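A.B. asks: Got a predicted structure here, sequence first:
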Amino acid sequence: MNTHHGSRQTLALLLGLLVAPAALAAVPFDAEITLVPEMEDPAGIVAEPRREREALQDNTEARRGLDLLRQQVTGLWPRIREIDLVELSRYQVEQTRGFELPAAPGELTGRVLANDEESGLWHLELRGPRLPARFDIVYRFLHVFATFDPATGEIDRLTVTIRGWVEE
């Protein structure tokens, strides 16, 4: 008996209780998740300068991509929770040791990073839960980056990393 397949079915059934059926159908349970160390740029993800990004935030196709990405991250959350955050951490390793991501992702704040006019892909980012830091002025969050192809309606290049900043 293939227990991995059985676990996937069990996970699908459990998620069916938490996620709307339409959203569950869109979740690729075998989606590849690439891990990138804290503050490194994910390969294949483009970000326009801030002014250009602001103009993209209300685009209907991009918003559809962000909604789909939120659904997929919510569906994949049990797998994302298994990520070793200490391995991703570069600056706050000791504070991250022993920290566990919450059972549910909570609010996933999204933004559009860019639109590649040649390929038609939208480059997207979600900010998830806050992660521990040594000082209160340091803000660290789990981030998920991806591309969205409006022609196929598919999310690709799921990348998880840690981003942060200091507020003084």
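C.D. replies: Thanks, I have it. Numbering: from 1, shown residues only.

A.B. asks: show me where the protein has helices.
C.D. replies: Assigned by DSSP state H, the chain shows helices spanning 3-18, 21-26, 50-56, 60-81, 85-88, 93-96.

A.B. asks: Which of the ones you listed comes out lowest on mean pLDDT?
C.D. replies: The minimum mean pLDDT among these belongs to helix 3-18 (a mean of 35).

A.B. asks: looking at the sheet around the residue positioned nearest the centre of the chain, what are its partners?
C.D. replies: With distances taken as C-alpha atoms, centre = their mean, residue 144 lies nearest the centre of the chain, 2.4 Å away. Beta-bridge pairing for residue 144 (DSSP bridges): residue 126, residue 160.

A.B. asks: was I right about it contacting residue 113?
C.D. replies: No - using C-beta atoms under 8 Å as the test, residue 144 is too far from residue 113 to be in contact (12.0 Å). For glycine as for every other residue, the C-beta is placed from the backbone atoms N, C-alpha and C.

A.B. asks: what touches both of those two?
C.D. replies: Residues touching both residue 144 and residue 113 (C-beta atoms under 8 Å, 6 or more residues apart in numbering) are residue 125.

A.B. asks: What pLDDT is listed against the residue nearest to the centre of the chain?
C.D. replies: Model confidence at residue 144 (pLDDT) stands at 98.

A.B. asks: residues in contact with it?
C.D. replies: Residues near residue 144 by C-beta under 8 Å, 6+ apart: 69, 73, 80, 108, 125-126, 128, 158-160.

A.B. asks: ok, of these, which come out buried?
C.D. replies: 69, 73, 80, 108, 125-126, 128, 158-160 (16 or more other C-beta atoms under 10 Å).

A.B. asks: okay, those in TSV with distance to residue 35 next?
C.D. replies: Listed next are the buried ones among the contacts of residue 144 as TSV, based on distance: C-beta to C-beta, whole Å:
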residue	distance to residue 35
69	17
73	14
80	10
108	18
125	16
126	15
128	14
158	10
159	8
160	6
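
A.B. asks: so which of the residues you listed comes closest to residue 56?
C.D. replies: residue 125 (11.8 Å; C-beta to C-beta).

A.B. asks: Surely that closest one and residue 147 touch.
C.D. replies: No - with contact defined as C-beta under 8 Å, residue 125 does not reach residue 147; the gap is 10.7 Å.

A.B. asks: Which neighbours do the two have in common?
C.D. replies: Taking C-beta under 8 Å, 6+ apart as the criterion, residue 125 and residue 147 both touch residue 45.

A.B. asks: check contacts around the nearest residue to residue 81 once chain neighbours are set aside.
C.D. replies: Leaving aside its sequence neighbours, residue 81 sits nearest to residue 101 (C-beta to C-beta, 6 or more residues apart in numbering; 4.6 Å). Residue 101 sits next to 80-81, 83, 85, 128-129, 142 when contact means C-beta under 8 Å, 6+ apart.
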